[in-house]
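**Student:** need a structure here:
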Amino acid sequence: MDFQVAYWLYLLIFFSSLGIVLGLFMPIAYSWAPILNWMVILFLAIAGVKVGPAWLFIVLGYGLAALRIIESRRFYSGLQSSINSLNAEKLHQLSKKAKDIYWGKGGEFWQDMAESLALFIELKEDPANALIDKWQDQVNSLPNEIKHLPANYRLIGNALMRKWDKIVEIYESKLASEEFEGALQSVDSKKKKKQYISPTILLPTARAYAELGDFEKSYQCIMQAKLDETQTYPLAYIGQSILPFFALIGARKETEQLLEILDQNKNTFPESLISYWRGQSHLSVGNAETAIKFFEESKLQNPSKEFCLRVDRQIERAKNKIGELISFHPDKERQVHDIWSVFEKADFVLAVVNPDNKSKAVLALFAINTLLYCFTDAYRFPGFQQNFQTAFSVVVDTTNWVFLNFALFAKEALAGQYYRFFTYSFLHSSFTHYFLNMIMLFWFGRLAQNIFGTARFLAIYIVGGVLSGVAQALSAPDLITVGASGSLMAAFGAVLAGIFRLKDRLPEQVWRYQMVVLLGLAFTQLALVDLTFTYVAPKAFPNMAPHIANFAHLGGFVAGVLFGLLVSPVPPKVTDRFVEENKTMNDPNLFA
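**Tutor:** Below you'll find the predicted structure:
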């Protein structure tokens, strides 16, 4: 069997086996369905190895795994967008689909959660609470990943009904009871055990306190959530969570900046909410007539009965406040400043450790590598030789010419053809080689750009690739080398060094986690993967397993680490990309 084909099949066997093992640590009522799914994928992978055709089972196995992931993400995204738009009808539809996506007990859980949220929107409190109670009563048997959700969705449900007093009552009376079991998490701090409440509980409660005008308690809940230490919540989620505080307290500048960011994600934060919160922020500073204009605009953008009913209440409230003067207490300025500082710190953390930005430099490198791969590997495409024999011969001859003249032949390169130390990194020997390097480019390339900026990232990539080529040529002069992995190991090494140098600017918990993960990845790649491909793979697949350029990997990694230690990091601020300061600074109603 071809090594590339075997690689993808054995990788599928590994991950499906891992999925089965992890499922065994969950309550069986919830894990049997995922375990069954992984067992089917494992069967397909084994069938590909033993029976064939291998490519068919690769497509079926990876396709099934991707389908489950995509369906799950679409369900959760639909849940969030339906909550934001108060779309009860869509939630009823999601409830009916839940058991098709999450089988068994898990499907029943998500069916009830979606249905309860729909009932909350329709102001049917008793049946909605009955569904929540059903799962709250068995919270100890829920998987850890969803234990906090019944309590969280009860708070969200009361927010959908605008029962702010009820949320505060639940929070204050049941803080230490079973109601929040699963939302209370234990952490070690200087070897002392302490508990903190999950942000999924604190943030809806902060909204309730803000709606009731108790901004001090709202402030305390937000600060307790420690959003600046998060690595999992996207910036848009954090912004959406603190937006009510800023809009209701009358912090117009911060409200506008958050709305600029949230406007980039209309799938989960619709235009109607942009207009609604803009109106709310105007109302909070006494601009009642302007507020009414934005409230009316939001009704046009979302004409659903449930949404319009809630907006009409705000319009009536605004009419009663026309001509009313609003004054601010100095404490509010302190609270706004502190919470905005938390948001900026969270922004900084995500800008450093979360490669979620659109990088033109990475896209350009991806395009160059992809075009060259397609050009040099076209002769391997299924059916190409049979249907285009003349073109096939031309492509094969051209590919041979490209590799002979631009791959890294150590003796020729060291003898004076120095350009090979640059060009070899844009050529790849197989689809697997190309694909894995492009995955690494999209992850560590964007991380390196986040930390060092575009120009320095490109310098790391190019210079690191050249130095890794030199290391490989000097250490293994008889091998022919191609591939971007040396450049990418340089980017990876620079990221490791950059995170290390940002110790004083990152929260300690975030810094330690990133260092452990990156050092673990470095050990896995340099010590395990490279050694496996060097000594194990050739025995299992003689004459088929590729030669791994160990010294190129090591040389690139060392070059990247040194580069990262010598060059100062310049991580961006995400908010700077979305918001122009002068858009809001000249508004006389701004309060900061």
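
**Student:** could you find the closest non-adjacent residue to residue 111?
**Tutor:** Distances taken as Cβ to Cβ, 6 or more residues apart in numbering place residue 98 nearest to residue 111, at 3.9 Å, with adjacent residues excluded. No exception for glycine: its C-beta is placed from N, CA and C like everyone else's.

**Student:** contact partners for the one you found?
**Tutor:** Going by Cβ atoms under 8 Å, 6 or more residues apart in numbering, residue 98 touches 75, 107, 108, 110, 111, 114.

**Student:** so which strand or helix has the last one?
**Tutor:** This points to residue 114. If you go by DSSP states H and E, residue 114 is part of helix 104-121.

**Student:** low-confidence ranges, the stretch 301-450 of the chain, go.
**Tutor:** Where the stretch 301-450 of the chain drops to pLDDT under 70, the residues are 323-330, 356-357, 378-390.

**Student:** would you map the helices across it?
**Tutor:** Listed in chain order, the helices found in the stretch 301-450 of the chain under DSSP state H, counting those that start in this stretch are 305-319, 330-353, 360-377, 384-387, 389-406, 410-414, 420-423, 431-440, 446-452.

**Student:** was I right to think residue 505 contacts residue 351?
**Tutor:** No - in this structure, residue 505 is not within contact of residue 351 by Cβ atoms under 8 Å, at 11.0 Å.

**Student:** any chance of the helices of the stretch 301-450 of the chain in CSV, with distance to residue 65 and mean neighbour count too?
**Tutor:** Shown next, in CSV, are the helices of the stretch 301-450 of the chain (distance: least, Cβ to Cβ, whole Å; neighbours: other Cβ atoms under 10 Å):
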stretch, distance to residue 65, mean neighbour count
helix 305-319, 37, 17
helix 330-353, 26, 18
helix 360-377, 24, 16
helix 384-387, 28, 12
helix 389-406, 33, 13
helix 410-414, 40, 17
helix 420-423, 36, 20
helix 431-440, 16, 17
helix 446-452, 24, 26
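
**Student:** got those helices as JSON lines, with distance to residue 471 columns?
**Tutor:** As requested, the helices of the stretch 301-450 of the chain are arranged in JSON lines below (distance: least, Cβ to Cβ, whole Å):
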{"stretch": "helix 305-319", "distance to residue 471": "62"}
{"stretch": "helix 330-353", "distance to residue 471": "29"}
{"stretch": "helix 360-377", "distance to residue 471": "21"}
{"stretch": "helix 384-387", "distance to residue 471": "36"}
{"stretch": "helix 389-406", "distance to residue 471": "19"}
{"stretch": "helix 410-414", "distance to residue 471": "11"}
{"stretch": "helix 420-423", "distance to residue 471": "10"}
{"stretch": "helix 431-440", "distance to residue 471": "18"}
{"stretch": "helix 446-452", "distance to residue 471": "19"}
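
**Student:** among the ones you listed, which is nearest residue 94?
**Tutor:** Closest approach to residue 94 among these (Cβ to Cβ): helix 305-319, 15.8 Å.

**Student:** quick one: the closest one to helix 104-121, angle?
**Tutor:** Computed by axes from the mean of the first three to the mean of the last three Cα atoms, to 10 degrees, the angle separating helix 305-319 from helix 104-121 equals 40 degrees.

**Student:** how about residues contacting helix 305-319?
**Tutor:** Here helix 305-319 makes contact (Cβ under 8 Å, 6+ apart) with 85-86, 88, 121-122, 162, 272, 276, 279-280, 283, 288-289, 291-292, 295-296, 298-299, 302.

**Student:** run the chain-centre distance for that helix.
**Tutor:** Helix 305-319 has its C-alpha centroid displaced from the chain centroid by 35 Å (Cα atoms, centre = their mean, to the nearest Å).

**Student:** and if you look at stretch 339-349?
**Tutor:** Put simply, stretch 339-349 sits 17 Å off its chain's centre (Cα atoms, centre = their mean).

**Student:** what's the answer for stretch 257-273, then?
**Tutor:** 18 Å.

**Student:** first residue to last residue on that stretch, what's the distance there?
**Tutor:** From its first residue to its last, stretch 257-273 covers 14 Å (Cα to Cα, to the nearest Å).

**Student:** buried sites along it?
**Tutor:** Buried residues in stretch 257-273, counted by 16 or more other Cβ atoms under 10 Å: 257, 258, 259, 260, 261, 262, 265, 268, 269, 270, 272, 273.

**Student:** the nearest residue to the second one once chain neighbours are set aside: neighbour count?
**Tutor:** Nearest residue to residue 258, sequence neighbours excluded (Cβ to Cβ, 6+ apart): residue 239, at 4.6 Å. Around residue 239 sit 27 other residues, with neighbours defined as other Cβ atoms under 10 Å.

**Student:** who's in contact with residue 239?
**Tutor:** 258, 261, 262, 343.

**Student:** distance to residue 420 added to those residues, as JSON lines?
**Tutor:** Formatted as JSON lines, the contacts of residue 239 follow (distance: Cβ to Cβ, whole Å):
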{"residue": "258", "distance to residue 420": "51"}
{"residue": "261", "distance to residue 420": "46"}
{"residue": "262", "distance to residue 420": "49"}
{"residue": "343", "distance to residue 420": "49"}
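
**Student:** just the pLDDT for residue 237.
**Tutor:** For residue 237, the model assigns a pLDDT of 85.

**Student:** which element, helix or strand, includes it?
**Tutor:** According to DSSP H and E, residue 237 maps onto helix 235-249.

**Student:** same check on residue 472?
**Tutor:** helix 454-475.
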